[in-house]
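A.B. asks: Pasting a predicted model and its sequence here:
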Number of protein chains: 2
Amino acid sequence: MVHTTVNAGQHPAPASQGRPGRWLRRLAGVVLTLAVLPLAHAEDGYELWLRYRPAADAAAQAYRAQVAQVVAPAASDTQRATRDELSRGLRGLLGRAPMLADAPTAAGALLVGTPASLPSIDRLGLDLDDLGEEGYLIRSVRVDGRAATVVAANSDTGALYGAFHLLRLMQSGQPLEALDLREVPKVGLRVLNHWDDLNRHVERGYSGQSIWDWHRLPGWLDPRYTDYARANASIGINGTVLNNVNANAQILTAPYLDKVAALAGVMRPYGIRVYVSARFSAPMEIGGLDTADPLDPAVRRWWQAKADEIYAKVPDFGGFLVKANSEGQPGPQDFGRSHADGANMLAEVLAPHGGVVMWRAFVYSDEEPDDRHKQAYTEFVPHDGEFRDNVLVQVKNGAIDFQPREPFHPLFGAMPKTPLMMEFQITKEYLGFATHLVYLGPMYEEVLRADTHAKGPGSTVAKVVDGSLEGHALSGIAGVANIGSDRNWSGSHFDQANWYVFGRMAWDPSVDARTVAQEWTRMTFSTDPAFVEPVVEMMMASHQAAVDYMTPLGLHHLMGRGHHYGPAPWVEGGPRADWTSVYFHRATKEGIGFDRTTSGSDAVSQYAPPVAEVFNDPARVPEEFLLWFHHRPWTSRVASGRTLWDELVHRYSRGVGEVARMRETWTGLDRYVDPERHHQVERFLAIQQQEAQWWRDASIAYFQTFSGLPLPEGEAPPAQSLEYYKSLEFPYAPGDTQ
Amino acid sequence: MVHTTVNAGQHPAPASQGRPGRWLRRLAGVVLTLAVLPLAHAEDGYELWLRYRPAADAAAQAYRAQVAQVVAPAASDTQRATRDELSRGLRGLLGRAPMLADAPTAAGALLVGTPASLPSIDRLGLDLDDLGEEGYLIRSVRVDGRAATVVAANSDTGALYGAFHLLRLMQSGQPLEALDLREVPKVGLRVLNHWDDLNRHVERGYSGQSIWDWHRLPGWLDPRYTDYARANASIGINGTVLNNVNANAQILTAPYLDKVAALAGVMRPYGIRVYVSARFSAPMEIGGLDTADPLDPAVRRWWQAKADEIYAKVPDFGGFLVKANSEGQPGPQDFGRSHADGANMLAEVLAPHGGVVMWRAFVYSDEEPDDRHKQAYTEFVPHDGEFRDNVLVQVKNGAIDFQPREPFHPLFGAMPKTPLMMEFQITKEYLGFATHLVYLGPMYEEVLRADTHAKGPGSTVAKVVDGSLEGHALSGIAGVANIGSDRNWSGSHFDQANWYVFGRMAWDPSVDARTVAQEWTRMTFSTDPAFVEPVVEMMMASHQAAVDYMTPLGLHHLMGRGHHYGPAPWVEGGPRADWTSVYFHRATKEGIGFDRTTSGSDAVSQYAPPVAEVFNDPARVPEEFLLWFHHRPWTSRVASGRTLWDELVHRYSRGVGEVARMRETWTGLDRYVDPERHHQVERFLAIQQQEAQWWRDASIAYFQTFSGLPLPEGEAPPAQSLEYYKSLEFPYAPGDTQ
């Protein structure tokens, strides 16, 4: 049911939460006629950044003249999707549906299409050569002496992207005068990875169930699938891997492929190809073979036939994502073969159909006692040059596992002959789940801008990933999706920004996080600078805040076992050392930190020498990675002049303090936001503050048992005993591996 | 995102489904200005039957005069909830917010409250004595010579119920003249049972996850909880058991009780008490005791302390629901004690606080080889009279397990000294999950009107359940909820009707299913008779249709093992015979059916003699229960003159045919319904038709292997081989036990 807005600022929130009480008491005893307003739906976040609320009066007036007429073909599914979106968007922004025409007949025409789809674009003789298959331009032009705007591309999909860009300009209140924009994606494959199981559980999902209702596919196509495709297309995402990398071979059976095909049909008009995670042992599990050896002819034939079957159902199928010989998943090593053998066998059967293999490098050996940081590099670098040209190796941003902050993965720059995809995590497995407000833009930016020095200064991770450093034809960025069945898609309103910034940075790794935050905030909440500025500040500070209250100074992997919820730096024992916290922080009476220097595990030497030298030197390593690379005495001094112990406590407290500030900022912004979303964000910030405090208190209580040092002056002691924190259990925390 | 309605009949559905294609093609080449319409949210079913869309013009005009002014106090949470709902409802129905006043000052005043809460009601001197704590009256009166309407009760909750009733009259287009209604619930405890696990899985749930977001409780109170409470209050439901009867003791730990208390705070203003399912062995699992023997003093003390702890947090806590010694759940028999011993121990600790125990009678022994139909009776009847007076024994409607159709449970009427609660299933575990349109009103009605003859003719199940047959002070009806996180709550639009009719029949077991279907249809879709009449016909026929295509003529328990999806009459083997299909249908070359006559398992003798005689006689037993009680030769004749085999095939086909008719009916009603809901129902009916055909074909193919008889003339053979149907597997069908 709907919470209707009775009057500005007089919203009847749930009775139990007190607001209507106050509101109604104010009215008691007086006779009032309330304003007659249309019934309005609550803002529940479902519309994401595509809300298309009325533009501010002045802007709307200008826009109405500038977009008086829409000239856009509708002869293909993608063209229809484009014109549909323009109609929807303009109707929302300008309060009326646009005039549609098949040729410009008045001032203020908006031409959207390709030279092939729209003669009036063809006649403009635009230079579209360097736009490629997905780029577009937006330009203010004159047609027959009248002002017009053209969105032109070489493909329908390019035009669709351009239409979304134009709508974005209007949504964020930008002028439409003298436009001259050219946009070409810098990365080829911009892909979401859904870690969604076939029973709708989402591994590391904090926003409800999988949006894929496998049971009722293909008979029922939830309209939500279309809205998912729209949202992705609006930020340039052009691929989606439907199922968990911990894959189930059933996805490759005929009934499931029919379901996959149905989803592909929804995605296709929006320029999105579907991929699936393939279980390497599928030939044994569903094929009746007794091996999955990639060099076995029968195995090859099975995959060949499977690929043919898939492409018969999904002609534009994207390919396979594979997690092999990693955390118990099957892989070519089970048969004495290499990652390259496995990837190439699959690549070979996909190649004739135009498919690719995205082969994950997230591996660490069951037997190898070496620093887990080093293992992916050790395993993969020797195979550089061995992979077929339709294979990409997909590398997590850092060498451990999506920790709040990690230095860039040493594989970037170390496999020049192989296209390396970036794998970012959008879902916040280690960052407070969906409840904490943590904007990931700055983290992505930090990684993409990191300099590998692989080919001298300026060899940034972004250049490795976009293929420009080595001139690879294939390039890709993957994001582990934070999307689920929750009404607001991502579990929280602000987590939508992480989906958004992922897409924007996948399109252009050089875009900056702050600009994207501004853009998103304007589209999602309000264009009022009095709102946008503090909110963007809050977002930009939020990642550092989380790092501070969880894992400051390069600490990592201190969370609860299994579910990864909350602090548990005391985790030890169990099946393998590198699944414990103590393995990673290595706290002793003397000090704390993982020695990865040349005198320690020597992980630093996997980086190019200029990087390795800096990381190897406790005086030069960026302080945020101090304890990542160094084991340091509690009493050693850091840049602030404080001892390490004091700095650690200081940073924990600073993180908590930042959350308190965020909450205060947000609370003061209630008049800019609908009460529903304001209330939810406010409550989530309250939970975040409580949990930040818990992280700080539990961590300090624990590390103090090693340092033996008093808290710095003015620092409050933990609220509870260490035993209390250790006693907490969360058997039903969401998102755990099944 | 929103699918906006561009123009009536021109809805832009997902591009992949073809509609916008046709729509846009129609527009291509012409210049059109689309109508200027406000952006409207898609009808997604979230509002349930509380949509409050504008009343038809004529009715609205009358209503505006009749409800010109609302006089309703707002001094308590329940009063505020009441006035809030009236404001919301009247604003929607009449297009403007009502005038609020603290006393009637004009013609057309609506007075809502109690003599204590509203002086102007007190002055009317109404006779409210027999309304009890929850009843209400609605009456057209004159106040100071002016026409007015009064909704009066003895409690705030009664007034809230009355307000919902008045809104219902207006929603369904009823006149408000000369009203003189008195409503008192006939059943005391009207309770939903959520089979929701703490990880948000819902056992036998087909509508997403549990609505209870345990992880974020108590910090985040989803507004959905309030809407849930509103919906329940609107149909008189006054209790909710939050967790699965296959219970987890964790719900009784302090952190979870805080979460329970938070939910109770949301429910309280709406007259809803919360209950939890208690695991009988909790004293061992979370209490550190080495026994849960109900006669052990330490165990009693533990439960005593637990009850005190609960009531300190939830002063109006309802009590415990217990599934004990059933399907592997722990219970008093584990310690050599009886059901009465177990129930009474819990009842004793709850009694001082006003709580009750709802003790389930759904038991069948692990060891007992007797007909499962008989076992609950055998176990419980000997204990009649032994239960404390705050214990109710909760009995499923039939003796097996929520089959598409079952004769009433023989316990009804057989335990005169014990209040027996009815347990209906609202979720459609055995009725096509959420996809099939099956209105359960006729099934509930059939059971409630069944005559137990326990105290002579007219001793209906309803009179047993409402306590009137034996004069019990306590009475109750429970419904296993079909509510989940899906946007439309119940997984399908029509399944909302099952929640609705459950509530209406729990309030008054004598209300008839057709009337409720009409009421619900008017509120949920349209008041237009051209729509309401065919839809109600469709709903009324739908249960018989499902029985026909799944389990005609008294067959039962023929579904897939574990998940219960689809036909599997061939299921045999496994841990126990009475978890197989062959146990229940007993088909042989000679005949089919379970002989429960006096010459068979003698289950008939558990019914009162006049009932037993009828059930025992193949010539007199209602044909719908023929094979429930009798094993009959394939060639025996039934009432139609057909042989049993021909009749069986005929009924299977009749069921499929009825679904085809339902689909045709619905397709023709598109102009009365918003395109979103129409489309989804249409697609679901298509799936239902496909699955009905599958049920028919698989069942006929299987049973023909016994009968060896040809299909009757004109009957199409099964589309696939029996081996094909047997080969189908559904490892990820929703709702399975975890």
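C.D. replies: Perfect, I can see it now. Numbers count the residues shown, from 1 in each chain, chains lettered A, B, ... in the order given.
A.B. asks: can we go C-alpha only for contacts and neighbour counts from here?
C.D. replies: OK.
A.B. asks: What helix or strand is residue A:434 located in?
C.D. replies: In this structure, residue A:434 sits in neither a helix nor a strand according to DSSP states H and E.
A.B. asks: Tell me which residues touch it, please.
C.D. replies: Residue A:434 makes contacts with A:206-207, A:427-428, A:490-492, A:495, as judged by Cα atoms under 8 Å, 6 or more residues apart in numbering or on different chains.
A.B. asks: ok, of these, which one's closest to residue A:79?
C.D. replies: residue A:490 (28.6 Å; Cα to Cα).
A.B. asks: State the next helix or strand along the chain beyond the least confident helix or strand in chain A by mean pLDDT.
C.D. replies: Sorted by mean pLDDT, DSSP states H and E, the helices and strands of chain A end with strand A:32-33, the least confident at a mean of 32. The helix or strand immediately downstream of strand A:32-33 is helix A:57-66, counting by DSSP H and E.
A.B. asks: Could you give the average pLDDT over that following helix?
C.D. replies: Looking at helix A:57-66 alone, the average pLDDT works out to 94.
A.B. asks: Show me what that helix packs onto, helices and strands only.
C.D. replies: helix A:77-94, strand A:146-153 (3 or more Cα pairs under 8 Å, 6 or more residues apart in numbering or on different chains; DSSP states H and E).
A.B. asks: tell me, what residue is most central in chain A?
C.D. replies: Centroid-nearest residue in chain A, with Cα atoms, centre = their mean: residue A:426, separated by 3.0 Å.
A.B. asks: Quick check, that one in contact with residue A:497.
C.D. replies: No - the criterion here is Cα atoms under 8 Å, and residue A:426 misses it with residue A:497 at 9.7 Å.
A.B. asks: How is chain A divided into domains?
C.D. replies: Per automatic domain parsing, the structural domains of chain A span A:57-183, A:189-523, A:548-594+A:631-727.
A.B. asks: For the stretch 551-700 of chain A, which residues are neighbours of chain B?
C.D. replies: Within the stretch 551-700 of chain A, the positions near chain B by Cα under 8 Å from any Cα of the partner chain are A:680, A:683-684, A:686-687.
A.B. asks: change it to 10 Å
C.D. replies: A:676, A:679-684, A:686-688, A:690 (Cα under 10 Å from any Cα of the partner chain).
A.B. asks: any chance of the residues you listed in a markdown table, with secondary structure and distance to residue B:663 too?
C.D. replies: Formatted as a markdown table, these follow (DSSP: H, G, I helix; E, B strand; the rest coil; distance: Cα to Cα, whole Å):
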| residue | secondary structure | distance to residue B:663 |
| --- | --- | --- |
| A:676 | helix | 39 |
| A:679 | helix | 43 |
| A:680 | helix | 41 |
| A:681 | helix | 44 |
| A:682 | helix | 46 |
| A:683 | helix | 45 |
| A:684 | helix | 45 |
| A:686 | helix | 50 |
| A:687 | helix | 48 |
| A:688 | helix | 50 |
| A:690 | helix | 53 |
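A.B. asks: Just the closest of the residues you listed to residue A:502, please.
C.D. replies: The closest of those to residue A:502 turns out to be residue A:681 (Cα to Cα; 21.1 Å).
A.B. asks: so who does that closest one touch?
C.D. replies: A:435-437, A:492-494, A:663, A:666-667, A:675, A:687, B:220 (Cα atoms under 10 Å, 6 or more residues apart in numbering or on different chains).
A.B. asks: Residue A:124 versus that one, what's the distance?
C.D. replies: Distance from residue A:681 to residue A:124, counting by Cα to Cα, to the nearest Å: 48 Å.
A.B. asks: cool, residue A:436 as well?
C.D. replies: Using Cα to Cα, one gets 50 Å for the distance from residue A:436 to residue A:124.
A.B. asks: which of these two has more neighbours?
C.D. replies: Set residue A:436 next to residue A:124 and count neighbours by other Cα atoms under 10 Å in any protein chain shown: residue A:436 wins out with 24 against 14.
A.B. asks: So which bits of stretch A:668-679 are buried?
C.D. replies: A:670, A:673-679 (16 or more other Cα atoms under 10 Å in any protein chain shown).
A.B. asks: Among those residues, which ones are in helices?
C.D. replies: Under the assignment DSSP state H, those contribute A:675-679 to helices.
A.B. asks: Any residue of the helix or strand harbouring residue A:501 touching chain B?
C.D. replies: Here residue A:501 sits within helix A:496-507, counting by DSSP H and E. No - judged by Cα under 10 Å from any Cα, helix A:496-507 stays clear of chain B, getting no closer than 13.1 Å.
A.B. asks: Next one: residue A:299 from residue A:351, what distance?
C.D. replies: 17 Å.
A.B. asks: These two - which one has more neighbours?
C.D. replies: residue A:299 (22 against 18).
A.B. asks: Backbone dihedrals for the more buried one, please?
C.D. replies: When read as degrees, to the nearest 10, the backbone of residue A:299 gives phi -70, psi -50.
A.B. asks: isn't it right up against residue A:335?
C.D. replies: No - counting by Cα atoms under 10 Å, residue A:299 stays clear of residue A:335, with 11.9 Å between them.
A.B. asks: Which neighbours do these two have in common?
C.D. replies: A:291-293.
A.B. asks: Near chain B, which residues of the stretch 401-550 of chain A are found?
C.D. replies: Within the stretch 401-550 of chain A, the residues that sit near chain B (Cα under 10 Å from any Cα) are A:435, A:485-488.
A.B. asks: at 8 Å what do you get?
C.D. replies: Looking at chain B, the residues of the stretch 401-550 of chain A close enough under Cα under 8 Å from any Cα are A:485-487.
A.B. asks: who touches residue A:160 in this structure?
C.D. replies: Per Cα under 8 Å, 6+ apart, neighbours of residue A:160: A:78-79, A:81-82, A:233, A:270.
A.B. asks: so which helix or strand takes in it?
C.D. replies: With DSSP H and E as the test, residue A:160 turns up in helix A:156-171.
A.B. asks: do residue A:192 as well
C.D. replies: Using DSSP H and E, the element containing residue A:192 is strand A:189-193.
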